[in-house]
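Chemist: Sharing a model prediction with you, sequence too.
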Amino acid sequence: MPNLKKIVLLLLPGFLISLPWSPLQAHLDKNFDRNGGHWDFFGNYHCHQSGCRMAPSRNDIMSRRPQLSNRNQDLFYLEDDWPHWMLVSSCQNVRTQILQATSEVPVSWTNPRQCEIREGRWTDPYSGEEFSRAARLEIDHIIPLAYANAANGFQWDDEKRMQFANDPLNLIPVSRDSHRDKRDRGIGNWRPDQKSFHCEYAAAWRDVSTKYDLDLFQRDRSRMNTILKDCDIPERDFGEKDGNTDIDVRAGGIPIPL
């Protein structure tokens, strides 16, 4: 079964390929969330469609969670704000490197350039199922992006949101069924079927939320702590930057759609 610590240690950070862009262009080219608006480069929310409800500015840090809750997290979540599967080498993206790092056997590739993985061996830690075809797997954000957005993540700058969305500490290969079953739910109302993975799952929620100062909802924090009472997994030390856990997003980057 994949070990989250092993994933982080094996995944080597790369350099992102940057493209020229401007704040104005970034705003005009963005899609709308389900609410009918979006946040601009400066952190201000704009409504563009009828019936749109105004959301607080990302720069409003006086309140940890103004006007957002679990009930409307999908309303204000826009995938464009959380670009993931960043390019980290000439042709490999974060998804590819996660799959290579977590395969229990050497992987095979679809082409000589080693851009995309064809086969390996993975065990879905959520269900216990085994897979050999990379195409049958999804890379799950243990703390979902929509969840992070609904907490205090909507206030983060572009760099921090990009880093969170591509951080190996928060990524794990799972089956498509597991991915669909979990969706964007927090640990308070969803846990893996494999009870043997509950400790590691809860530890990941603890460590990722600590690393990013993510303000978990009370129900999820309570359930996480309840699970961890019976676990022997020490907290990670984020006092010094761990060069093997982050994707370098300071240069910008381009998302590679799957």
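Modeler: Done, it's in.

Chemist: What about residue 205, how many residues nearby?
Modeler: 24 (other CB atoms under 10 Å). No exception for glycine: its C-beta is placed from N, CA and C like everyone else's.

Chemist: what's the spacing between it and residue 92?
Modeler: Counting by CB to CB, to the nearest Å, the gap from residue 205 to residue 92 is 28 Å.

Chemist: One more: residue 36?
Modeler: 36 Å.

Chemist: now residue 209
Modeler: 28 Å.

Chemist: do the same with residue 126
Modeler: Counting by CB to CB - residue 126 and residue 92 are separated by 25 Å.

Chemist: Who has more neighbours out of the two?
Modeler: Using other CB under 10 Å as the criterion, residue 126 and residue 92 rank with residue 126 on top: 23 against 19.

Chemist: is it true that that one lies in a strand?
Modeler: No. Checked against DSSP: H, G, I helix; E, B strand; the rest coil, residue 126 lies outside a strand; its state is coil.

Chemist: Against residue 173, how distant is it?
Modeler: According to CB to CB, residue 126 stands 10 Å off from residue 173.

Chemist: Need the overlap of contacts for the two.
Modeler: Applying CB atoms under 8 Å, 6 or more residues apart in numbering, one finds that residue 126 and residue 173 are jointly contacted by residue 140.

Chemist: The longest helix anywhere in the chain: which residues count as buried?
Modeler: In the chain, taking DSSP state H as the definition, the longest helix is helix 198-211. For helix 198-211, the neighbour count (16 or more other CB atoms under 10 Å) marks 198, 200, 201, 202, 203, 204, 205, 206, 207, 208, 209, 211 as buried.

Chemist: pretty sure the fourth one is in contact with residue 231, am I right?
Modeler: If I follow you right, that is residue 202. Yes. When contacts are counted by CB atoms under 8 Å, residue 202 is listed as touching residue 231 (6.7 Å).

Chemist: Look at residue 231 and report its pLDDT.
Modeler: If you check residue 231, the pLDDT there is 97.

Chemist: Can you report how many residues lie near it?
Modeler: Going by other CB under 10 Å, the residues that sit close to residue 231 add up to 14.

Chemist: what's the closest non-adjacent residue to it?
Modeler: With CB to CB, 6 or more residues apart in numbering as the criterion, residue 231 has its nearest non-adjacent residue at 3.6 Å, and that residue is residue 199.

Chemist: Output the below-cut-off pLDDT ranges for the stretch 101-250 of the chain.
Modeler: Within the stretch 101-250 of the chain, the stretches with pLDDT under 70 are 240-250.

Chemist: Alpha carbons of the strand ranked longest in the chain, in CSV - could you do that?
Modeler: Assignment by DSSP state E gives strand 117-123 as the longest strand of the chain. Presented in CSV, the C-alpha positions along strand 117-123 are these (Å, rounded to 0.1, in the frame of the first residue of the first chain):
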residue,chain,number,x,y,z
ILE,A,117,3.1,6.3,-18.1
ARG,A,118,1.4,3.2,-19.6
GLU,A,119,1.7,0.5,-16.9
GLY,A,120,3.0,-0.1,-13.4
ARG,A,121,1.4,-1.5,-10.2
TRP,A,122,-0.7,0.6,-7.8
THR,A,123,-2.9,-0.2,-4.8
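
Chemist: can you give me the strands in the stretch 1-150 of the chain?
Modeler: For the stretch 1-150 of the chain, strands defined by DSSP state E, counting those that start in this stretch occupy the ranges 37-39, 45-47, 108-109, 117-123, 130-133, 137-141.
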